[in-house]
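Chemist: Quick one: sequence and predicted model below, then my questions.
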Amino acid sequence: MRKILIPTDFSENAMNALIYAINLFKYEVSEFYIMHAYQDDIYSDEELLASETLDRVSLMTSKKTEEQLQKIKSDILNISPNPRHTFHSCAANNMLLDETDRLVDAENIDLVVMGTKGKTNNTKVTFGSNTLQIIKYMQCPVLAIPEGHAYIKPKHILFPTNFMIPYKRRELKLLCEIAAPYRAIIDVIYISKSNTLSRRQQENKGFMKDELCKNRVNFKTENSKHLINSVYKYIREQHIDMLVMVNTEHSFLENIIFQSPLDELSLNLDIPFLALQNIKRK
């Protein structure tokens, strides 16, 4: 059974991410945990805090959150009454990152799915700050759904990699099972000025090939030193439906998100982005 966590701020983007997830996993028995961490909400209304006690505001916020979560569950069951899916609502007086991390560990979550932007939409960046923090610190894969992205079957998936890291079997299995129902093609691209792989790289490539054996996988080499430009060019020219990268130290994803300016990342990435994880950050 697949366990999927959907953090929500009750925005259209969060609802869109949930709808994408239930469509993506419509063939699988899945449990969806719809979660809102409302600690920030408590302190956001200064006028209310001035007229009420903190305990009273906390109670009011908790009640409102529960009502909103129940409405989402009701709406989703009307949109997609899939007998394979069950839904849980989770309200917590906590910070988003802390509560997401807690639930991932407590419920053994397989995947976190969220919109790339929330209520504080900023048209100048692709990912909102909450999405970046979740991608950066979570122990499990994160699937980010672009603002307003309508669900389409992932038929062509791009996986850029340098083959330098030992992949996790559980996470490659997730990618395999996302792709398999749609007979998706996975293009694994090695972007480098050299065509030669070290022994370590060859072993990691072999492991990936074994774990993705149920899928059609194309291993390609792109002769370039401009990672970001090469990735976006490939997405555009090959009509890619989903981008997959691994988040770890010295990985492509590390270089793009955490060492490059956000402006570099905001190149109109308008397809779902699956970030696999390799190590837990401290």
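Modeler: Thanks, I have it.
Chemist: Which elements pack onto the helix or strand where Ser230 lies?
Modeler: Using DSSP states H and E, Ser230 falls within helix 227-238. Helices and strands touching helix 227-238, as assessed by 3 or more CB pairs under 8 Å, 6 or more residues apart in numbering; DSSP states H and E, comprise strand 156-160, strand 185-192. For the C-beta atoms, the positions are set from N, CA and C on the backbone; glycine is no exception.
Chemist: right, so those: which one is the most enclosed?
Modeler: Among those, ranked by average contacts under mean count of other CB atoms under 10 Å, first place goes to strand 156-160 (a mean of 22).
Chemist: which other residues reach it?
Modeler: The contact list for strand 156-160 (CB atoms under 8 Å, 6 or more residues apart in numbering) reads 175, 178-179, 184-191, 227, 230-231, 234-235, 238-245, 252.
Chemist: Whichever of the residues you listed end up buried, select them in PyMOL.
Modeler: Written as a PyMOL command, the selection of buried residues from these, which uses 16 or more other CB atoms under 10 Å, is:
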select buried, resi 175+178+179+184+185+186+187+188+189+190+191+227+230+231+234+235+240+241+242+243+244+245+252
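Chemist: Quick check: Ala275 touching Tyr137?
Modeler: No - at 11.2 Å, Ala275 does not count as touching Tyr137 under the criterion of CB atoms under 8 Å.
Chemist: Those two: which is more packed in?
Modeler: Between Ala275 and Tyr137, Ala275 has the larger neighbour count (other CB atoms under 10 Å), namely 23 against 17.
Chemist: Mind telling me what element that one is part of?
Modeler: With DSSP H and E as the test, Ala275 turns up in strand 273-277.
Chemist: likewise Asp105?
Modeler: Here Asp105 is assigned to helix 96-106, by DSSP H and E.
Chemist: so where do the helices sit in the stretch 101-250 of the chain?
Modeler: Using DSSP state H, counting those that start in this stretch, the helices of the stretch 101-250 of the chain run over residues 129-137, 169-179, 199-211, 227-238.
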